[in-house]
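[1] Provided below are the primary sequence and the corresponding predicted coordinates.
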Amino acid sequence: MKLSRIASFAAVILTAAGLALAATQWTLQPKESTLTFAATQAGAPFEGKFEKFTADIVFDPQDLAGSRFDVQIDLASVNSRDGERDGIIRSADLFDVKRWPSGSYVADKFSASGGNKFTATGKLTLRDVTREVPIEFTFEHHNGSAWLKGTAAIKRLDFGVGQGEWKDTATVANEVKIRFALLLK
Amino acid sequence: MQIRNDQQRYGAVAQLLHWSIVVLIITQFSLAFKAGGLPLGPAKIAVLAQHKSFGMTIFALAVLRLIWRLVNPVPAMPQTTVRWQRIAAHLSHGALYALILITPLFGWMMSSARNFPVSWFGVFTFPDLVQPDQARYEFFHEMHEILALTLAGIALLHVAAALKHHFFDRDNVLRRMLPLKLKA
């Protein structure tokens, strides 16, 4: 009997320790959160955003090993403030949303860069291409809510975003910057 | 040739500004028509980028030109010019100055309203003047075209008047805007 009591006590302690160590599961606040990109056409940068995306964020600065990001982006929800351009971005030569309606970013490797700065290494999938993309971000936690803000730089042609005439990078640059600000609760 | 204007003729700076704006405006019309016939794609974006870069160049030259005009004498009209022609000349010159400033400005606002910011030959990007909005874009686009066509119409009258002075009146009105000797 004594042994089983010790065992159950140990189980309780271990469970509690496990809970304390498990990185926090956050819930994205979609209204306040933004996912934007800056592309360059004819030397002039312009911004656009994705209206619909989900982010399954498990993150704790004290438990980077247990942290994980899983972001799913509805590529058809692109909004560059110009309907004609959005139509082209959705078309077969760019995202081809009919064949690949969503993009994703999944990260499970994190490292601290000092202060509230971190780097995530994850896999970005657009169209049928998956590549490793690092993102730099900050994590600010106050009273049960947190802001996760960061940037990434990608080359659109690495993901095949630009077929046919859109392979030309003289007019539409290959480099695209991605910026996000996620409010988590 | 003299650098500054005097009572008789335009100097080198005023002539250079006048004729470079002429060449740029003709280029602008040809680029605009070229872009109008293209579907949205890299080729159209490239043509419009040139159109915007030249347009902002016209805007800058127009500002320089107005400043230069303010600090220089304006050559007098021929003594023989009748009153209605003096009035017409003043009105058309005023309108041309206004249009070479306002037409690019509406082009710039039109670009901002469509979130296609204006770059100057890729060297730098001008700030957006207005927030993107479809209705606003259509308004500025329409205005830009109306202003450009008005500019073309008045410029043609201006050319007709200059040729009339040169070939019928045989005076110095066209000569003084060219690197030519004035008639006595």
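    Sure thing, it's come through. Numbering: from 1, shown residues only, chains lettered A, B, ... in the order given.

[2] what are the contacting residues of the helix or strand encompassing residue A:133?
    Here residue A:133 sits within strand A:129-142, counting by DSSP states H and E. Under the criterion CB atoms under 8 Å, 6 or more residues apart in numbering or on different chains, residues A:59, A:61, A:105, A:107, A:113, A:116-124, A:146-152, A:154, A:158-160, A:178, A:180 lie in contact with strand A:129-142. Where you see a C-beta, it was placed from the backbone N, CA and C, and this is true even at glycine.

[3] residues in contact with the most centrally placed residue in chain B?
    Ranked by distance to the mean C-alpha position of chain B (CA atoms, centre = their mean), the top residue is residue B:100 at 3.7 Å. Residues near residue B:100 by CB under 8 Å, 6+ apart: B:21, B:25, B:58-59, B:61-62, B:65, B:151.

[4] cool, residue A:123 as well?
    Here residue A:123 is in contact with A:104-107, A:130-133 (CB under 8 Å, 6+ apart).

[5] pLDDT wise, what is it at?
    Looking at residue A:123, its pLDDT reads 98.

[6] that one should be in a strand, yeah?
    Yes - judged by DSSP: H, G, I helix; E, B strand; the rest coil, residue A:123 forms part of a strand.

[7] each with direction, which strands does the strand holding residue A:133 pair with?
    The strands beside strand A:129-142 in its sheet (DSSP bridges) come out as strand A:117-126 (antiparallel), strand A:145-155 (antiparallel).

[8] the nearest residue to residue A:125 once chain neighbours are set aside: neighbour count?
    Spatial nearest neighbour of residue A:125, chain neighbours left out: residue A:104 (4.8 Å); criterion: CB to CB, 6 or more residues apart in numbering or on different chains. For residue A:104, the count of nearby residues is 16 (other CB atoms under 10 Å in any protein chain shown).

[9] average pLDDT for whichever strand or helix holds residue A:104?
    For residue A:104, the host element (DSSP H and E) is strand A:102-114. Strand A:102-114 shows a mean pLDDT of 97.

[10] I'd like the distance between the residue nearest to residue A:125 and chain B.
    Distance, residue A:104 to chain B, using CB to the nearest CB, to the nearest Å: 26 Å.

[11] quick one: that residue from residue A:75, how far?
    Going from residue A:104 to residue A:75 by CB to CB, to the nearest Å gives 10 Å.

[12] and what of residue B:47?
    For residue B:47, the distance to residue A:75 equals 28 Å [CB to CB].

[13] repeat for residue B:56
    The spacing between residue B:56 and residue A:75, counted by CB to CB, is 34 Å.

[14] again, but for residue B:120
    According to CB to CB, residue B:120 and residue A:75 sit 32 Å apart.

[15] do residue A:160 as well
    Between residue A:160 and residue A:75 the computed distance is 13 Å (CB to CB).

[16] more neighbours, those two?
    Between residue A:160 and residue A:75, residue A:75 has the larger neighbour count (other CB under 10 Å), namely 21 against 17.

[17] how deep is the closest residue in space to that one that isn't next to it in sequence tucked in, by neighbour count?
    Nearest-residue entry for residue A:75: residue A:95, 4.5 Å, with adjacent residues in sequence omitted and distances by CB to CB, 6+ apart. Using other CB under 10 Å, residue A:95 has 25 neighbouring residues.

[18] residue A:95 belongs to a helix?
    No - membership of residue A:95 in a helix is not supported by three-state DSSP, which gives coil.

[19] who's in contact with it?
    Counting by CB under 8 Å, 6+ apart, residue A:95 touches A:75-76, A:78, A:89, A:103, A:126-127, A:161.

[20] do you know how far the spatially closest residue to residue A:135 that is not a sequence neighbour is from residue A:36?
    Once flanking residues are discounted, residue A:135 sits nearest to residue A:152: 4.3 Å by CB to CB, 6+ apart. Distance, residue A:152 to residue A:36, by CB to CB: 11 Å.

[21] comparing the two, which residue is more hemmed in?
    Remark: of residue A:152 and residue A:36, residue A:152 carries more neighbours, 19 against 16, as counted by other CB under 10 Å.

[22] so what's the more buried one bridging to?
    Beta bridges link residue A:152 to residue A:178 when assigned by DSSP bridges.

[23] ok, the residue nearest to residue A:135 - contacts?
    A:124, A:133-136, A:177-178.

[24] cool, and residue B:136?
    Residue B:136 sits next to B:113, B:130 when contact means CB under 8 Å, 6+ apart.

[25] I am finished for the moment; much appreciated.
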